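K.L.:
Attaching a predicted model along with its sequence, questions to come.
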Amino acid sequence: MWNISQQAKDDFLIKVMLPIPESSEEWEELLEEDDDALNSLRDELKEGKPLLKQTLPERFHPYLEEGSLVEPSLPDSVREDYLSFQRDAENEFNEVLQAAEEQTEKALPFLSEKARDVFSDSLHDAVIEEVNYETDALHMVLNMESGFSEKNTITLSFLGIQSQQAAQPLQVGQWLLYHELQKTEDGFAFRGLFDCPEVEWTVTIKGLEASYT
């Protein structure tokens, strides 16, 4: 069972897509600094309303429909409830990421030294530089310039591919946002959530190797 998924990421982003000031004081500061801030929030609400209506609890729907969810006149109790809902969404998604990280850590002892080194760092915001297929293998070169690793480039070699699932093929230029590695009975399973365009890529493999510069 996977922790990370495109659905979990999408649900989280919808829940937090419409941030509002947390107090009357913050509203005053925002409106003083930006005369058009209120109109921008109104436009964001209008654009996001169809998705928000599907995701927000029904208790927020009246304020969503009338537009008052992004107005300074929103009752304090509703504002606090809405902000609490968004904080809970952030905590829930952080728990998902933490669970994925724990699964990855459990798989580390079964990797080679270099692969352990790679997966001990964050791969967040790595950019696909190359995708090279072989008969039953895939070699993915990641540019780490925008990421959180001190490495320049990382090559992940997915060996003995048993299955792959993705709505579309991986592409050069995609960003790796989140990943999870699991140990299986006869190898590993890897899932990556990529952006630009969005893809949830899942692969089961017999082996996983890595190199870097």
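P.N.:
Arrived safely.

K.L.:
Export only the CA atoms of stretch 104-118, formatted as PDB.
P.N.:
Extracted C-alpha coordinates of stretch 104-118, given in PDB (Å, rounded to 0.1, in the frame of the first residue of the first chain):
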ATOM      1  CA  THR A 104      12.100   4.500   2.100                       C
ATOM      2  CA  GLU A 105      14.300   4.300   5.200                       C
ATOM      3  CA  LYS A 106      13.200   0.700   5.700                       C
ATOM      4  CA  ALA A 107      14.400  -0.100   2.200                       C
ATOM      5  CA  LEU A 108      17.800   1.500   2.500                       C
ATOM      6  CA  PRO A 109      19.600  -1.400   4.100                       C
ATOM      7  CA  PHE A 110      18.900  -3.500   1.000                       C
ATOM      8  CA  LEU A 111      20.500  -1.000  -1.400                       C
ATOM      9  CA  SER A 112      24.100  -0.600  -2.500                       C
ATOM     10  CA  GLU A 113      26.200   2.000  -0.700                       C
ATOM     11  CA  LYS A 114      25.800   4.600  -3.500                       C
ATOM     12  CA  ALA A 115      22.100   4.000  -3.700                       C
ATOM     13  CA  ARG A 116      21.800   4.400   0.100                       C
ATOM     14  CA  ASP A 117      23.700   7.600  -0.200                       C
ATOM     15  CA  VAL A 118      21.300   9.000  -2.800                       C
END
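
K.L.:
Check which residues of it are buried.
P.N.:
Buried residues in stretch 104-118, counted by 16 or more other C-beta atoms under 10 Å: Thr104, Ala107, Leu111, Ala115, Asp117, Val118. Yep, even glycine has a C-beta here, placed from its N, CA and C like the rest.

K.L.:
who's in contact with the second one?
P.N.:
With contact taken as C-beta atoms under 8 Å, 6 or more residues apart in numbering, Ala107 is in contact with Phe119, Leu181, Gln182, Lys183, Phe188.

K.L.:
ok, back up a step: tabulate the buried residues of stretch 104-118 in TSV, adding columns for pLDDT.
P.N.:
Putting these into TSV (pLDDT from 0 to 100) gives the following:
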residue	pLDDT
Thr104	97
Ala107	97
Leu111	96
Ala115	96
Asp117	93
Val118	93
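
K.L.:
Out of these, name the ones that lie in helices.
P.N.:
Judged by DSSP state H, the subset of the buried residues of stretch 104-118 located in helices is Thr104, Ala107, Ala115, Asp117, Val118.

K.L.:
Can I get the lowest-mean-pLDDT helix or strand in the chain in CSV? Just the C-alpha atoms.
P.N.:
Lowest on mean pLDDT, DSSP states H and E among the helices and strands of the chain sits helix 24-33, with a mean of 90. Provided in CSV are the C-alpha atoms of helix 24-33 (Å, rounded to 0.1, in the frame of the first residue of the first chain):
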residue,chain,number,x,y,z
SER,A,24,-8.6,41.6,11.3
GLU,A,25,-5.1,43.1,11.8
GLU,A,26,-3.7,41.0,9.0
TRP,A,27,-6.6,42.0,6.8
GLU,A,28,-5.8,45.7,7.5
GLU,A,29,-2.1,45.2,6.7
LEU,A,30,-2.9,43.4,3.5
LEU,A,31,-5.3,46.0,2.2
GLU,A,32,-2.9,48.8,3.1
GLU,A,33,-0.1,47.1,1.2
